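>>> Next comes the sequence, and after it the predicted model I'd like to discuss.
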Amino acid sequence: MTDPAAPQAPATGPALADIVRATIADVLGTTPDDISDSTDLEADHGVDSLELMAIGAQLERALGVQISPEDLMRAENVGHAIALLTERKATR
């Protein structure tokens, strides 16, 4: 019997991208529709290192993968971050 409170591993691809966009939007106080693959969080939304750490922590919990703040800072845009997370999920 599985624990219903245990985090479920989401699918990769579109489901993962939706989770990433929703998580970023939640931290930034906006809607997922405002977050696209080409969104540069620093340039477009003024995201600072604390917000980036909050995004990373929420994504770690939601996706069940370890993400360093440095990895997220190196991501050029949201699409690049989604590709990084997809790769992490695949190698887990």
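Arrived safely, thanks for sending. Numbering: from 1, shown residues only.
>>> residue contacts, Gly13?
Thr86 (CB atoms under 8 Å, 6 or more residues apart in numbering). The C-beta positions use only the backbone N, C-alpha and C, and glycine is treated the same way.
>>> try it again with 10 Å
Each residue near Gly13 by CB atoms under 10 Å, 6 or more residues apart in numbering is listed here: Ile82, Thr86, Lys89.
>>> Now Arg88: closest residue in space, sequence neighbours ignored.
Val65 (4.4 Å; CB to CB, 6 or more residues apart in numbering).
>>> in what helix or strand does the residue most central in space within the chain lie?
The residue lying closest to the centre of the chain (CA atoms, centre = their mean) is Val20, at 3.5 Å. When elements are assigned from DSSP states H and E, Val20 belongs to helix 14-28.
>>> cool, Met73 as well?
Judged by DSSP H and E, Met73 forms part of helix 69-74.
>>> Please list the residues outside the helix holding Val20 that contact it.
10-11, 30-37, 39, 41, 44-47, 50-59, 61-63, 65, 78-79, 81-86, 88-89.
>>> cool, stretch 55-75 as well?
6-10, 12, 16, 19-20, 22-28, 40-42, 47, 49-50, 52-53, 80-92.
>>> Give me the buried entries from these.
12, 16, 19-20, 23-25, 27-28, 41, 47, 52, 81-82, 84-86, 88-89 (16 or more other CB atoms under 10 Å).
>>> Next, the buried residues of stretch 57-64.
Residues of stretch 57-64 classed as buried by neighbour count (16+ other CB under 10 Å): Gln58, Leu59, Ala62, Leu63.
>>> Which residue ranges of the protein form strands?
Ranges of strands in the chain, per DSSP state E: none exist.
>>> where does it have its least confident helix or strand?
helix 69-74 (a mean of 84; mean pLDDT, DSSP states H and E).
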